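Trainee: mind looking at a prediction? Sequence and model below.
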Protein chains: 4
Amino acid sequence: MKEWKNREVSARRAEILAHAEKIFAAKGFHKATMAEIASSAGFATGSLYQLFDNKEDLFATVILELTDAALERLTNAVGKQTTASAQITAFITELFSVTQKNTNLLTILMRGDVVVASRVSHRIRLDLIEKTERQIAIAEDILQRGVSDGEFMSGINCRITAMSLLGGVRFFAFYRIITNEEFVLTQEIIEDFLQTFMRGIR
Amino acid sequence: MKEWKNREVSARRAEILAHAEKIFAAKGFHKATMAEIASSAGFATGSLYQLFDNKEDLFATVILELTDAALERLTNAVGKQTTASAQITAFITELFSVTQKNTNLLTILMRGDVVVASRVSHRIRLDLIEKTERQIAIAEDILQRGVSDGEFMSGINCRITAMSLLGGVRFFAFYRIITNEEFVLTQEIIEDFLQTFMRGIR
Amino acid sequence: MKEWKNREVSARRAEILAHAEKIFAAKGFHKATMAEIASSAGFATGSLYQLFDNKEDLFATVILELTDAALERLTNAVGKQTTASAQITAFITELFSVTQKNTNLLTILMRGDVVVASRVSHRIRLDLIEKTERQIAIAEDILQRGVSDGEFMSGINCRITAMSLLGGVRFFAFYRIITNEEFVLTQEIIEDFLQTFMRGIR
Amino acid sequence: MKEWKNREVSARRAEILAHAEKIFAAKGFHKATMAEIASSAGFATGSLYQLFDNKEDLFATVILELTDAALERLTNAVGKQTTASAQITAFITELFSVTQKNTNLLTILMRGDVVVASRVSHRIRLDLIEKTERQIAIAEDILQRGVSDGEFMSGINCRITAMSLLGGVRFFAFYRIITNEEFVLTQEIIEDFLQTFMRGIR
DNA sequence: AATGAATGAGTATTCATTCAT
DNA sequence: TATGAATGAATACTCATTCAT
């Protein structure tokens, strides 16, 4: 019985988070109302407060769970490869894939209301920094190993390169969002992107 | 007299925009109040409405003027060079410089409230797209010319490379902001960044 | 079995009332929540509604039972004495004692939310009037008998004197509550109080 | 011009306080709404917040101003007399008068919401204690002087007697409120009250 | 009988905008 | 033109009460 109830709660939670994600993405933190999120998820306003402390907590939870999932997917994708080349390719490919599929998250993050403080958004900000650091670290580690193994040029600044890679991929996601998803990411683009990083332009 | 009045108005306008920039950057669009901006600039609340239609208009104007100035600086920097290599170096160097000096603008943009619609923010968005497109175009043109001149590798996808470059630089700015400007951009980092793009990693 | 059930119900009721008393005294009617009272008493929220119609009913019951007990103690104390002097002394002494021991009740009453109407609080109010009248009546009766017996000065207005006495004692209780119980009622104070009433000040 | 504006603000303030007093007395702190007070005073809701920080501040101000006025009247009444007897009579007479005319204040105080803390109500509470202390002090001083002058019996506990007096008078006010003002305070009652204190009952 | 999750009505407060002076 | 007082719409959050289990 308890198990059933827990499943219920868990489903309720997921339901609310899914609807909150859509509405926060569509309207931003401020214009999204608790009443709208609740009714969209099929609950009364008060019910949201049984699972989340307040609006900011709900907002933070949406972001945290999505960034967690993204980071996990990246880690898994990289883990399936062995050589540094294959890993960096897998990393970038998966990063492109993740950003493509997480339009809501990206929109939420780009809308902001996240960067600056206040009790809860401070938590979001720290999480974003941490998740970003971990993404950088994944790429940096691969590059470092690639250099050790002789796969990559010695002398490259692994951290700077890792950050450049991340920034590049994120920019395509940003560009896609601001152009209302008119920009479509093809396999070809990903390959060209990889090639640029691999061979350089000169 | 008219001239004098215009100069007066113009000074008032600039004054207000400067204070609005700081406050929007510090608090974000929603938490910044018209009353605070007005008093900070030494005016009465109502006076803001003589120069700007409403809060969103003021916000949009702040962004537009800053992005205009940034674009102009980029164009100038590139114009002073002749070879594609020198131009792309100048472009990236200046882009780093601009993002370093425009912490307010970056913070405003990252806070968001910009990405999505409503009468005025639509205008902001269109401007952002246009300015981004023009930045891409500048880099793309340089690259294209570099390929034609034989300075750059033939076969590279100039547009994708231009976007990657832009994304890379912007990421360093993003990273600097979220880490509360603890991350400092050195000349060395810029050089490593350039090197990565020039030589590739392999 | 019925008897057992009744005992059960009765115990439950007393338990809830005791916890409600504490919480109402500590937080006042409005800030005390049914959930808090329930959990404090070890029940589920819904269970309170099996014994009390609603929050106001619970509140009223707390007050009524406490004022009943106080009145009973007063009556008993007076009944043990025979002369008017001894009775009025016993009355005042017991009244001081009752107010000392019923800090919760006094706090509840002083916090108010009691004086004015609405279905249930009307009931509380009527009860307060009645209990006050009966306290006045007890003192008045003693005084009257004292006058008849020649123990007390003829010509005194027994009702007014009774009310003055009650007011005096209640003020000490009020004073003790508002000063956070820093004011301590000693035997000496009680004696001085009695003396003032007995001999007058002139 | 400034003077005129100030007069305006002052009038506005007084207007709001007068209406707030009535409504707080009629409904209590919690059931009185800011919207009701504002519209009753002929203003928009937001206007209340230009003169008062919040609802509690408005509430506290109502109480403070009324208790201030009451204390001033008491001081004045006593100041007009010279002998201790005349002063104590004036004090009690004025105290009865003040409580008669301040039904709203008394109702507000009796409803409570005042006794216990929270940022602002703490301020109210401290004020109530102070005002009570000062009322006690006025009576105590008179009694003390009366004893020194030989007008009053030596050996009386002046402070306890002062408190008894205050409690007595306040009780009549309390009684009047709870009986819906059916109880009318006549000159005769006041005289009987005074007599009891002067001569004692024995 | 007991539970406690779900409900949704009710309200203080903020702040962009207006307009009389 | 400049002012800043007045406006009033808009919304998060609480908690008494209900009722399916």
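Mentor: Sure thing, it's come through. Owing to the predicted nature of the structure, the values given are computational and were not obtained by experimental measurement.
Trainee: helix or strand: which one has the residue nearest in space to the middle of chain A?
Mentor: Nearest residue to the geometric centre of chain A (Cα atoms, centre = their mean): A:Thr67, 4.3 Å. A:Thr67 belongs to helix A:55-79 when elements are defined using DSSP states H and E.
Trainee: get me the contact residues on chain A for DNA strand F.
Mentor: Counting by Cβ under 7 Å from any atom of the strand, the residues of chain A close to DNA strand F are A:31-35, A:45-46, A:49, A:54-56. Yep, even glycine has a C-beta here, placed from its N, CA and C like the rest.
Trainee: buried subset of those residues?
Mentor: Buried members of these, counted by 16 or more other Cβ atoms under 10 Å in any protein chain shown: A:32, A:34, A:55-56.
Trainee: which one of those residues is nearest chain B?
Mentor: Nearest to chain B among these, counting by Cβ to the nearest Cβ, is A:Ala32 at 11.1 Å.
Trainee: and the nearest residue to the residue nearest to the centre of chain A once chain neighbours are set aside, what pLDDT?
Mentor: Using Cβ to Cβ, 6 or more residues apart in numbering or on different chains and skipping the chain neighbours, the partner closest in space to A:Thr67 is A:Lys131 (4.7 Å). At A:Lys131, the model reports a pLDDT of 93.
Trainee: next: A:Glu3.
Mentor: 41.
Trainee: quickly list the domain ranges of chain A.
Mentor: Listed domain ranges for chain A are A:1-52, A:54-199 (source: automatic domain parsing).
Trainee: does chain C sit close to the shortest one?
Mentor: So that's domain A:1-52. No - contact of domain A:1-52 with chain C (Cβ under 8 Å from any Cβ of the partner chain) is absent, the minimum separation being 12.0 Å.
Trainee: report the secondary structure state of A:Thr82.
Mentor: Under DSSP: H, G, I helix; E, B strand; the rest coil, the three-state class of A:Thr82 is coil.
Trainee: just give the number of residues close to it.
Mentor: 8 (other Cβ atoms under 10 Å in any protein chain shown).
Trainee: please apply the same query to A:Ser148.
Mentor: Using other Cβ under 10 Å: A:Ser148 sits among 11 other residues.
Trainee: quick one: whatever helix or strand it lives in to helix A:55-79, angle?
Mentor: Per DSSP H and E: A:Ser148 is located in helix A:119-149. Angle, helix A:119-149 to helix A:55-79, by axes from the mean of the first three to the mean of the last three Cα atoms, to 10 degrees: 10 degrees.
Trainee: so what does the helix or strand hosting A:Tyr49 touch, helix or strand wise?
Mentor: In the assignment (DSSP H and E), A:Tyr49 maps to helix A:45-51. Applying 3 or more Cβ pairs under 8 Å, 6 or more residues apart in numbering or on different chains; DSSP states H and E, one finds that helix A:45-51 makes contact with helix A:2-31, helix A:34-41.
Trainee: with just CA atoms, put it into CSV.
Mentor: Extracted C-alpha coordinates of helix A:45-51, given in CSV (Å, rounded to 0.1, in the frame of the first residue of the first chain):
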residue,chain,number,x,y,z
THR,A,45,-3.0,25.3,-6.7
GLY,A,46,-2.4,24.2,-3.2
SER,A,47,-1.3,20.7,-4.3
LEU,A,48,1.9,22.1,-5.7
TYR,A,49,2.9,23.2,-2.3
GLN,A,50,2.7,19.6,-1.0
LEU,A,51,5.6,18.7,-3.2
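Trainee: mind checking the pLDDT average for that helix?
Mentor: In this model, helix A:45-51 has a mean pLDDT of 94.
Trainee: could the helices and strands packed on helix A:45-51 go into JSON lines alongside distance to B:Ala86?
Mentor: Output for those, formatted as JSON lines (distance: least, Cβ to Cβ, whole Å):
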{"stretch": "helix A:2-31", "distance to B:Ala86": "42"}
{"stretch": "helix A:34-41", "distance to B:Ala86": "53"}
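Trainee: most packed of the domains of chain A?
Mentor: Comparing the domains of chain A by mean neighbour count (mean count of other Cβ atoms under 10 Å in any protein chain shown), domain A:54-199 ranks first with a mean of 18.
Trainee: where does chain A have low pLDDT?
Mentor: Applying pLDDT under 70 to chain A flags residues A:1-7, A:110-120, A:200-202.
Trainee: taking it, what residue is nearest to DNA strand E?
Mentor: A:Gly46 (1.7 Å; Cβ to the nearest atom of the strand).
Trainee: my read: A:Glu140 touches A:Cys158, true?
Mentor: Yes - using Cβ atoms under 8 Å, A:Glu140 is in contact with A:Cys158, at 5.0 Å.
Trainee: tell me what the helix holding A:Ser148 is packed against?
Mentor: Using 3+ Cβ pairs under 8 Å, 6+ apart, helix A:119-149 sits against helix A:55-79, helix A:84-101, helix A:158-178, helix B:158-178.
Trainee: by how many degrees do it and helix A:2-31 diverge?
Mentor: Using the same axes, to 10 degrees: helix A:119-149 against helix A:2-31 is 100 degrees.
Trainee: still on that earlier bit, need the contact list for the residue nearest to the centre of chain A.
Mentor: By Cβ atoms under 8 Å, 6 or more residues apart in numbering or on different chains, A:Thr67 lies in contact with A:105, A:127-128, A:131.
Trainee: do the same with A:Leu74
Mentor: A:Leu74 makes contact with A:91, A:94-95, A:98, A:135, A:138, according to Cβ under 8 Å, 6+ apart.
Trainee: hmm, back to that, JSON lines for the helices and strands packed on helix A:45-51, including distance to chain B?
Mentor: Below are the helices and strands packed on helix A:45-51 laid out as JSON lines (distance: least, Cβ to the nearest Cβ, whole Å):
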{"stretch": "helix A:2-31", "distance to chain B": "5"}
{"stretch": "helix A:34-41", "distance to chain B": "15"}
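Trainee: quick one: closest of those helices to A:Ser85.
Mentor: helix A:2-31 (35.2 Å; Cβ to Cβ).
Trainee: just checking, what packs against the closest one?
Mentor: helix A:34-41, helix A:45-51, helix A:55-79, helix A:103-111.
Trainee: output the ones you listed in a markdown table; the columns should cover distance to A:Phe152.
Mentor: Formatted as a markdown table, the helices and strands packed on helix A:2-31 follow (distance: least, Cβ to Cβ, whole Å):
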| stretch | distance to A:Phe152 |
| --- | --- |
| helix A:34-41 | 47 |
| helix A:45-51 | 47 |
| helix A:55-79 | 15 |
| helix A:103-111 | 29 |
